[in-house]
Each structure stands twice: as structure tokens, then as C-alpha cells.
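Peer 1: Here is a sequence together with a model predicted from it:
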Amino acid sequence: MITSRILTAVVAGSLLLGAGCSARSDQVLMDELRTENARLSQELNALQETARNLEIERNYVQEENIRLRAQAEGLSQQLRSIRRGDVDGDVFRANPETGGVTVDHDMLFRLGSAEVTTEGEAALARLAEVLNGPDYRDAVIVIEGHTDDTPVTREQTVRAFGDNWGLSAMRAASVIRVLQSKGIDAKRLRGSFSGEHRPAVPNTSRENKAQNRRVEIYLTLQQ
């Protein structure tokens with residue numbers, strides 16, 4: 001009888017101990033879940049903030065691209081009065097694909113030369129006047145030189161430029177120097193060159209090659 005009572009007490013104690021352990025385990029699990037939930041909430045808030053910032057940045061970039069394209073078109077419109085000698089035709093034309101302005105290359109340079117012609121210098125002087133005006137004076141000006149795919153072969157040209165990379169670089173630099181001499185602050189000027197490797201059109205005809213021999217001017221706010 002006594003043994004039976006002892007066994008009953010032991011069993012009862014074991015059940016109470018198990019219940020206590022189970023309660024403590026549940027509490028630990030709940031605390032861990034609350035901690036994990038708080039951590040995940042913080043991560044979610046951080047991701048949402050990043051998404052909002054990216055959306056703001058994307059909208060700004062889109063608006064800036066639209067503004068710069070409109071600015072380039074406006075620049076082209078203002079320069080349409082500049083003529084190539086006595087021949088009608090735009091010296092500067094907007095490039096809707098890039099948002100830049102393409103300069104009549106054959107007016108700027110003689111074949112195989114990186115020296116700006118008298119006609120070209122006059123046109124660039126007018127360009128500098130416009131770029132120093134209120135509509136564009138805060139813009140950084142990027143000058144990019146291009147050639148067609150005809151290799152540099154004349155001995156004199158090879159000595160001077162090496163290849164189309166060198167020719168396009170020197171032509172961009174020449175335009176930059178003229179713009180600086182006409183009053184553009186050197187801090188606003190940037191140079192770039194692509195040789196024959198970024199043609200505007202396929203080099204399949206003499207006319208297309210003429211289009212690919214070009215200097216392009218871009219406006220940006222990046223300092």
C-alpha cells in the first residue's frame with residue numbers, strides 16, 4: 001500500500017516536472033519567434049526604404065534624360081542659322097538616339113586632318129556663345145570624336161595619329177581647345193573618342209561613311 005502511494009507520488013511529480021519543462025520550452029520558443037519577427041520586420045523596413053529611394057532616383061534619371069534631350073534639341077534649333085559657307089544646310093543637328101548634337105564633320109576638318117577649319121572655328125564660336133548663355137551655362141559639355149572604318153594609311157597621317165583611335169581623339173581635343181579659346185570654362189569640358197567603333201550608320205556607302213565621320217556634343221549635369 002505504501003509502495004503504491006510512493007509510486008503515485010513519483011508519477012505525479014514527474015508529470016508536474018514535465019509540464020513545467022514544456023511550459024518553459026514554449027516560452028523560449030515564443031521569445032525566439034518574437035526576436036526573429038522583429039529582425040525580419042527591420043529587414044523589410046530597410047528593403048522598403050531602399051525601394052523608395054531607388055524609385056525616386058529612377059524618376060529623377062528619367063526626368064533628367066527628358067530634360068537633357070529637350071536641351072539638346074533646343075541647342076540644335078538655336079544653331080540652325082549657322083550655314084556651311086554659301087550652301088544651305090544645318091551645321092548642327094540633334095541626334096534623338098543619343099540626346100546629343102552632331103556637328104557637320106566635313107566642315108570642321110579636312111580629310112585626314114585634326115585641325116579645325118576657319119569655317120568650323122566660326123561655327124564653334126557661335127556654339128560657345130550659346131553654351132555660355134543662361135539656358136546652358138550650368139551644363140558640362142562632352143565632346144566625342146568618331147571616324148568611319150577607312151584605315152589611316154597616308155604616311156603623314158599615320159605619323160600624326162597612328163590609327164582611327166588617335167584621329168578621333170585628336171579631333172575631339174581640337175574642338176575642345178577651340179571652345180575653350182572662345183570662352184568656355186575648361187572645367188565644363190570633357191573629351192571622349194571612339195574611333196570607328198560606334199558608327200551612326202553602317203559603313204556601306206560614301207554617304208554613310210560621311211555620316212560616321214563626326215563629332216558629337218552632349219550636355220550633362222555631372223561634374
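Peer 2: Happy to help now that I have it.
Peer 1: mind checking the SS state of residue 74?
Peer 2: Following DSSP: H, G, I helix; E, B strand; the rest coil, residue 74 is assigned to helix.
Peer 1: Could you find the closest non-adjacent residue to it?
Peer 2: Nearest non-adjacent residue to residue 74, counting by Cβ to Cβ, 6 or more residues apart in numbering: residue 135, 6.8 Å away. Glycine gets a C-beta too; all of them are placed from N, C-alpha and C.
Peer 1: The one you found and residue 67 touch, don't they?
Peer 2: No: with contacts counted by Cβ atoms under 8 Å, residue 135 stays clear of residue 67, the gap being 11.3 Å.
Peer 1: Which residue ranges of the protein form helices?
Peer 2: 2-78, 105-108, 118-131, 155-161, 164-181, 206-212 (DSSP state H).
Peer 1: which helices and strands does the fourth one pack with?
Peer 2: Same thing as helix 155-161. Applying 3 or more Cβ pairs under 8 Å, 6 or more residues apart in numbering; DSSP states H and E, we find helix 155-161 packed against helix 164-181.
Peer 1: now the helix it packs on: mean pLDDT?
Peer 2: Helix 164-181 shows an average pLDDT of 95 in the prediction.
Peer 1: Next, the angle from it to helix 118-131.
Peer 2: Following axes from the mean of the first three to the mean of the last three Cα atoms, to 10 degrees, one obtains 60 degrees for the angle between helix 164-181 and helix 118-131.
Peer 1: Give me the local confidence score for the residue nearest to residue 74.
Peer 2: 79.
Peer 1: Ok, residue 31 next?
Peer 2: pLDDT recorded at residue 31 is 78.
Peer 1: Next, count neighbours for it.
Peer 2: 10 (other Cβ atoms under 10 Å).
Peer 1: what's the closest non-adjacent residue to residue 192?
Peer 2: Using Cβ to Cβ, 6+ apart and skipping the chain neighbours, the partner closest in space to residue 192 is residue 144 (4.1 Å).
Peer 1: again, but for residue 217
Peer 2: residue 101 (4.6 Å).
Peer 1: ok, so what distance separates residue 170 from residue 32?
Peer 2: Computed as Cβ to Cβ, to the nearest Å, the residue 170 to residue 32 distance reads 69 Å.
Peer 1: between the two, who's got more neighbours?
Peer 2: More neighbours surround residue 170 than the other of residue 170 and residue 32, with 19 against 10 (other Cβ under 10 Å).
Peer 1: quick one: contacts for the closest residue to the more buried one other than its chain neighbours?
Peer 2: Counting by Cβ to Cβ, 6+ apart, the nearest residue to residue 170 once its immediate chain neighbours are dropped is residue 114, at 3.8 Å. Residue 114 makes contacts with 160-161, 167, 170-171, 173-174, as judged by Cβ atoms under 8 Å, 6 or more residues apart in numbering.
Peer 1: Residue 216 now?
Peer 2: By Cβ under 8 Å, 6+ apart, the neighbours of residue 216 are 95, 98, 100-103, 143-144, 146.
Peer 1: that older thread, number of nearby residues for the residue nearest to residue 74?
Peer 2: Using other Cβ under 10 Å, residue 135 has 13 neighbouring residues.
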